[in-house]
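Novice: Next come a sequence and a model predicted from it.
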Amino acid sequence: MKTIAVLTSGGDAPGMNAAIRAVVRAGISMGMNVKGIRRGYAGLIEGDIIDMDARSVSDIIHRGGTMLYTARCPEFKTKEGVDKAIASCKAHGIEGIVVIGGDGSFRGARDLSLGGIPCVGVPGTIDNDISSTEYTIGYDTAINTALEMADKLRDTAQSHDRCSVVEVMGRRAGYLALQTGIACGAIAILVPEIEYDLQKDVIEKIKAVHKTGKKHFVVVVAEGVGGVVQIAEKIEEETGIESRATILGHVQRGGEPTARDRVMASQMGYRAVELLNKGIGNRVITFVDNKLGDKDIYEALAMKKKFNVEEYHVATEISI
Ligand code: ADP
Ligand code: F6P
């Protein structure tokens, strides 16, 4: 392959810039031309494509967001959209693409690969909800951001003897909520993967722990569970402990990537280019059992991700 391109798609995630940098520089080191596609598949369809060199990605390794911008592009889910994208690749001489994004973006990469443009997916999402990999770029930073916020909420909850009910992002998944909840010492963590009984698992628990002398509480609720305002109202009504709800929202998507996200992004980006350089596409980069690898996109998309029930159990047992 002589010319490859890189794009970011779906929700942005801290560390995407470090991945773009790795792709661009790996491509150049391997003797290829590298182009940047702006605004994901929307930019590809519209031909919003720029030439990249080693200096185009200077000074971005530590920055959140994505210098190539990102977008959600409904048109790309149609055959016409994919055909336009393939025509755009041909017009710009693009022979392979590194797609940085989540499962949705990988479905797009699969369609492009089927259409004759080999793609390699690099997992990038704060939700860590991609089945084929145990780690996604942005997850570590988002955990730390949510944790920082939860710690601040704990301070004020402590001063007022209150209960703070915090909603953490994650779309339909509870991975980010679980890690944040464990790290901030939440009294209860509600995630979509595990059934819960608000009365028994939260309200009765708070009442019991209150009797042992603890006066302030943090409850972490995954976005996929939702209803933090109602949960806070119910806790206040049933326990008599003043409660406040906070939705952390998009703050979790921004900020400087942690060292872990920068390192993972650099390694994954490089590996994706290595595959394209060998003419291999239709793969996604994975991180399983502490090892980087890659997998067929079809197989990857068909996998189901396990939720760490033991970790959840431990968190419940020690929050007493
Ligand atoms: P993520 O990649 O983070 O999961 P989305 O689900 O929003 O984010 O997907 C990002 C983009 O990927 C979509 O806007 C669309 O252009 C493309 N995409 C999503 N799902 C599909 C699909 N089933 N087939 C083809 N392209 C898709
Ligand atoms: O996938 C990342 C994510 O931040 C999810 O946690 C959240 O559900 C969604 O994106 C929010 O999307 P938007 O940026 O379109 O509001």
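Specialist: Structure received. Ligands and ions are numbered 1, 2, ... in the order given.

Novice: Please make it C-alpha for all contacts and neighbour counts, starting now.
Specialist: Fine.

Novice: can the lengthiest helix in the chain be found next to ligand 2?
Specialist: Counting by DSSP state H, the longest helix found in the chain is helix 139-160. No: Helix 139-160 lies out of reach of ligand 2 by Cα under 6 Å from any ligand atom, never closer than 9.6 Å.

Novice: Check whether that helix comes near ligand 1.
Specialist: No: contact of helix 139-160 with ligand 1 is not found when judged by Cα under 6 Å from any ligand atom; the minimum separation is 12.3 Å.

Novice: Run through the helices of the stretch 101-250 of the chain in chain order.
Specialist: 103-114, 139-160, 175-184, 204-211, 228-239 (DSSP state H, counting those that start in this stretch).

Novice: Quick check: which of the ones you listed is nearest to Pro123?
Specialist: helix 103-114 (8.0 Å; Cα to Cα).

Novice: how about the strands in this protein?
Specialist: Ranges of strands within the chain are 3-8, 33-37, 49-52, 96-101, 119-123, 163-168, 188-190, 217-222, 243-247, 283-288, 291-296, based on DSSP state E.

Novice: Could I get the contacting residues of Lys35?
Specialist: 3-6, 24, 49-52, 94 (Cα atoms under 8 Å, 6 or more residues apart in numbering).

Novice: What is the neighbour count of Ile297?
Specialist: Counted by other Cα atoms under 10 Å, the residues lying close to Ile297 total 23.

Novice: pLDDT on stretch 87-95, on average?
Specialist: For stretch 87-95, mean pLDDT rounds to 98.

Novice: residues of it that come out buried?
Specialist: Across stretch 87-95, burial judged by 16 or more other Cα atoms under 10 Å covers 87-89, 92, 94-95.

Novice: For the spatially closest residue to Ile235 that is not a sequence neighbour, which residues are in contact?
Specialist: Counting by Cα to Cα, 6 or more residues apart in numbering, Ile235 lies nearest to Ile203, which is 6.0 Å off, once chain neighbours are set aside. The contact partners of Ile203, by Cα under 8 Å, 6+ apart, come to 235, 238-239.

Novice: circling back to that earlier point, a markdown table for the buried residues of stretch 87-95, including distance to ligand 2?
Specialist: Below are the buried residues of stretch 87-95 laid out as a markdown table (distance: Cα to the nearest ligand atom, whole Å):
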| residue | distance to ligand 2 |
| --- | --- |
| Ala87 | 28 |
| Ser88 | 26 |
| Cys89 | 26 |
| His92 | 29 |
| Ile94 | 27 |
| Glu95 | 28 |
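
Novice: Out of those, which sit inside helices?
Specialist: Per DSSP H, the buried residues of stretch 87-95 map to helices at 87-89, 92.

Novice: contacts with ligand 1 among these, please.
Specialist: Near ligand 1, by the rule Cα under 6 Å from any ligand atom, you find none of these.

Novice: quick one: which of these is nearest Gly43?
Specialist: Of those, the one sitting nearest to Gly43 (Cα to Cα) turns out to be Ser88, at 9.7 Å.

Novice: Excluding chain neighbours, give the residue nearest to Val24 in space.
Specialist: Val34 (5.9 Å).

Novice: Tell me which residue lies farthest from the centre of this protein.
Specialist: Lys211 (38.7 Å; Cα atoms, centre = their mean).

Novice: Distance-wise, check that residue relative to Thr316.
Specialist: Relative to Thr316, Lys211 is positioned 18 Å away (Cα to Cα, to the nearest Å).
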